[in-house]
Each structure stands twice: as structure tokens, then as C-alpha cells.
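Colleague: pasting a predicted model and its sequence here:
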Amino acid sequence: MRSVLCPSCSSQSSKVVDSRTVDHGVAIRRRRECNKCATRFTTLERSILLVTKRNGVTEEFSRDKLIKGVRRACQGREVSDDALKVLAQQVEQSIRAQHGSQVQANDIGLAILDPLRTLDEVAYLRFASVYKSFSSADDFEREIATLRAHRYGNTDPLGERGGMSTDGHESGQS
């Protein structure tokens, strides 16, 4: 691990005066004091999250890139930038908790789905259609049935076991 250099005198010797988590636990802000010149300065420490893409290339996780992708799905919808930032933060926290410091790109898309469904159902369908590679209207219909089932707490979204469907009609009957 590299030493922290004092911005005033370039000394590598400093002590931590104060330390606290920021950005909902994703980073640590430390207030330091140089042991040589007594200058106080702040450092922000963040662990790196690496993403392995489908082609095998590894790159650093980008919250901005995540927001940009979700923003495309939200185009024309009443979704604020603040809501997108909160969603990105939730997704990053979830990924770090489940995968540690390295994650597959596919797992990021998966982690986006639940918070996006809660935020905006239309944006969710748009995102899911790309993420899950929908190829027909049937794919949309199945996803909408699942979406409705989730909304109403139904564990049988397509009404395959009989009984009432999510729209209040008996399933399996015309």
C-alpha cells in the first residue's frame, strides 16, 4: 500500500485525525495531519469494483455508465436525476454486498431490474427487453404478467395452476 503524501511538503508521514464513511458506506473520508509540517488535508478512499465484460475484458465499475444506461430506458418518463442516482447507489451497494470487488457485467443488469421495477414499470420493461433480449411480443406479455404478479403478490403470474389471474378473471377460461 502506498503512503499518502502531504500536499504541502510531500512528506509520507501523517496521522489520521478523523475518519468516517461517506456515500452510504462505499467510501471513507479521512482527515489527516502531516507529521512534518502540521498541514491538515482530506483523503477519500474507495475500494475499486471491477467488472468483467462478456468478452473477458475487465474494467472499473462506473456509476455514471450505469446511470446512462438506465436513463435511456427512462427516456420520456417522469424519473428525476436524483432518483437515478439513488438507484445507481442501491445497485452498487447490492453488487458489492453480493460479489465483493469483482462482478460479471451480466450481474449488474440483474441487480438493476428490481430497483428499476419499483421506480418505473415502463422503464423496467424497456430495460428488461434489452437485457433479456426479447424477440417477440410474447416475451413482453410474459414479462408484463410477471410484473403484474409481482405488483399483486401473485406467485403464479401466468395463471397456469387455475384460479384467479391478476386481472380478476378466472384463468384458463374464455
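Modeller: On my side now, so go ahead.

Colleague: contact partners for the most centrally placed residue in the chain?
Modeller: Against the mean C-alpha coordinate of the chain, by C-alpha atoms, centre = their mean, the closest residue is residue 91 at 2.0 Å. Contact analysis of residue 91 by C-beta atoms under 8 Å, 6 or more residues apart in numbering lists 66, 108, 111-112, 115. C-betas here are computed from N, CA, C, even on glycine.

Colleague: count of residues packed around the nearest residue in space to residue 18 that is not next to it in sequence?
Modeller: Excluding the flanking residues, the one nearest residue 18 by C-beta to C-beta, 6 or more residues apart in numbering is residue 31, at 4.0 Å. Residue 31 has 13 neighbours, counted by other C-beta atoms under 10 Å.

Colleague: same thing with residue 69?
Modeller: 17.

Colleague: rewinding a little: widest-spaced pair of the contacts of residue 91?
Modeller: Taking C-beta to C-beta as the measure, those span a maximum distance of 12.0 Å, between 108 and 115.

Colleague: show me which of these two is the more surrounded one.
Modeller: More crowded of residue 108 and residue 115, by other C-beta under 10 Å: residue 108, with 21 against 18.

Colleague: give me the distance between the more buried one and residue 142.
Modeller: Counting by C-beta to C-beta, to the nearest Å, the gap from residue 108 to residue 142 is 23 Å.

Colleague: cool, residue 31 as well?
Modeller: From residue 31 to residue 142 the distance is 53 Å (C-beta to C-beta).

Colleague: likewise residue 117?
Modeller: Per C-beta to C-beta, residue 117 is found 15 Å from residue 142.

Colleague: list the contacts of the spatially closest residue to residue 14 that is not a sequence neighbour.
Modeller: Leaving aside its sequence neighbours, residue 14 sits nearest to residue 32 (C-beta to C-beta, 6+ apart; 4.5 Å). The contact partners of residue 32, taken as C-beta under 8 Å, 6+ apart, are 4, 14-17, 40-43.
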